[in-house]
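In: With the sequence up front, the predicted model follows.
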Amino acid sequence: MMSLDSITLYLVATMVAALLGAMMVFFGKQENSPALKWWGTAYLLGAVSVALWTAAGDRLGPQICLALNAVGFVACGMVWNAARVFHGRKPNWPGLVLGALAWVAAATLLDPTASMLRMLVGAGIVSVYAALTASELWTERRKSVQRRWPAFVMPVMHGCVLMLPILIGSFLRPHDAGFSASIWVTVFAVELILYAVGTVFVIFMLVSERTVTAHRTAASTDPLTGMLNRRGFSEACARVIEREAKAGRPVTVMIFDIDHFKSINDRFGHPAGDEMLKLFSTVVVSNLRISDLSGRIGGEEFAALLPCALEEGVLVAERVREAFETSGVVVDEGPVDTTVSIGVAGGPAGTELEVLLASADTALYQAKRGGRNRVEAAEELPLSLENWRRQSAARAGASQARPATA
């Protein structure tokens, strides 16, 4: 009865694994996800090999049984490689088949009557693959520990269950070996079902999280320059300002506006204007520190936030202005002027981003009026955003009344 129950459990486990594998292959093709295809194929291979070995093992020759077992170990290697592919790494082809080769060598060299020893060798190989998979998932740097722990715990638990008979083998009496082996086969069959379902849940959790992250990144990134857009810049700045406020440190904001950008589009076409925007974004990023934030917040308008005092921010702004001026862009029609006007504003710890942007925008307007291609620092923060908005509206109305030159 124990044997029948074990066989039934194994067949149920293989059917569940086959169904889950087919589902992952299907969704892998739908979402163009190589990792899902790897995982799904591994489940299908493992299910086929275990099902054939369980249902017809006694009627198959020893060579076919050995081959089926080897396919099962290849499936374990594919699960590990799926984790590598999911994290953008190349498959480890030698490692994929190393477990199967080790099993074939062990089965060939060991005494045919040492079934328990072969079982322990197989459990050890699968445990190694489970440990490698857990390590691959744990070392992923893009997730917090709280989000990574389910992906780490599942293969670790699987490996522990497999290693259990090895760890307690020395405590078993010889005349209990058959009974303990039967109990172990039953326990492993139940664990296999739980592991198959739990692992697929974790896989889809990881894939779903990555998809959501990709959409969130796309929603906060400017597609032309690859910089943060206005929404992404505002959200990132809010976090930095809050962090610096807790430490009591000031922040500085600067707004960049490419001079005569409209005339560049009119003279050389929009493709040339796009190249100009991409060039300026490169200049900004290369002249800021890794701790600084920058983004494209308008057509030809960019902004940056630096965790530093106003004086240091002015020096950085001047460095960006000089780098862009000397970039030396030349098109078929001739050289293109590459100058930028920059407004800089600083504030004490905890100053809101909108207040800093309002002050920097006022300084930018002064830089434009002062002849462009210059850096202007705001003398003081605006008394209120409402007054600044009214002033900006008045300036916008005045500029629309004049011929557009910027």
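Out: Thanks, I have the structure now.

In: what about the closest residue to N92 other than its chain neighbours, how many residues close to it?
Out: Leaving aside its chain neighbours, N92 sits nearest to N81 (6.0 Å; criterion: Cβ to Cβ, 6 or more residues apart in numbering). C-beta: built from backbone N, CA, C; applies to glycine. For N81, the count of nearby residues is 25 (other Cβ atoms under 10 Å).

In: which ones are touching N81?
Out: Applying Cβ atoms under 8 Å, 6 or more residues apart in numbering to N81 gives the contacts 38, 91-92, 95-96.

In: what does V85 give?
Out: Contacts of V85 (Cβ under 8 Å, 6+ apart): 34-35, 38, 91.

In: out of these, which are buried?
Out: Among the contacts of V85, those buried by neighbour count (16 or more other Cβ atoms under 10 Å) are 35, 38, 91.

In: Just give me the least confident of the contacts of V85.
Out: Least confident of the contacts of V85 in the model: A35, at 86.

In: Quick check: which ranges of the stretch 251-400 of the chain have low pLDDT?
Out: For the stretch 251-400 of the chain, the stretches with pLDDT under 70 are 330-334, 380-400.

In: G299 - how many residues pack around it?
Out: G299 has 12 neighbouring residues, counting by other Cβ under 10 Å.

In: Touching, it and K262? I think so.
Out: No: G299 is beyond contact range of K262, at 9.0 Å (criterion: Cβ atoms under 8 Å).

In: what's near enough to touch the nearest residue to I297 once chain neighbours are set aside?
Out: Spatial nearest neighbour of I297, chain neighbours left out: R230 (4.4 Å); criterion: Cβ to Cβ, 6+ apart. Under the criterion of Cβ under 8 Å, 6+ apart, the neighbours of R230 are 295-298.

In: Now list the buried members of those residues.
Out: Among those, the ones that count as buried by 16+ other Cβ under 10 Å are 295-297.

In: Switch these over to a markdown table; also include distance to A123.
Out: Shown next, in a markdown table, are the buried ones among the contacts of R230 (distance: Cβ to Cβ, whole Å):
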| residue | distance to A123 |
| --- | --- |
| G295 | 53 |
| R296 | 56 |
| I297 | 58 |
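
In: what's the closest of the residues you listed to T225?
Out: Using Cβ to Cβ, R296 comes nearest to T225 of the buried ones among the contacts of R230, at 5.4 Å.

In: if I look at the closest one, how far off is T41?
Out: According to Cβ to Cβ, to the nearest Å, R296 stands 42 Å off from T41.

In: Show me where the stretch 51-200 of the chain has its helices.
Out: Remark: helices assigned in the stretch 51-200 of the chain by DSSP state H, counting those that start in this stretch are 62-86, 93-109, 115-138, 145-168, 177-219.

In: Could I get the CA-only coordinates of the second one as CSV?
Out: Once side chains and other backbone atoms are set aside, the C-alpha atoms of helix 93-109 remain, and they are given as CSV (Å, rounded to 0.1, in the frame of the first residue of the first chain):
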residue,chain,number,x,y,z
TRP,A,93,26.3,25.0,-20.4
PRO,A,94,28.9,22.8,-18.6
GLY,A,95,27.0,23.2,-15.4
LEU,A,96,23.8,22.2,-17.1
VAL,A,97,25.0,18.7,-17.9
LEU,A,98,27.6,18.2,-15.1
GLY,A,99,25.0,16.8,-12.7
ALA,A,100,23.7,14.3,-15.2
LEU,A,101,27.3,13.2,-16.0
ALA,A,102,28.1,12.8,-12.3
TRP,A,103,25.0,10.7,-11.8
VAL,A,104,25.8,8.5,-14.8
ALA,A,105,29.3,8.0,-13.5
ALA,A,106,28.1,7.2,-10.0
ALA,A,107,25.4,4.8,-11.2
THR,A,108,28.0,3.0,-13.4
LEU,A,109,30.6,2.7,-10.8
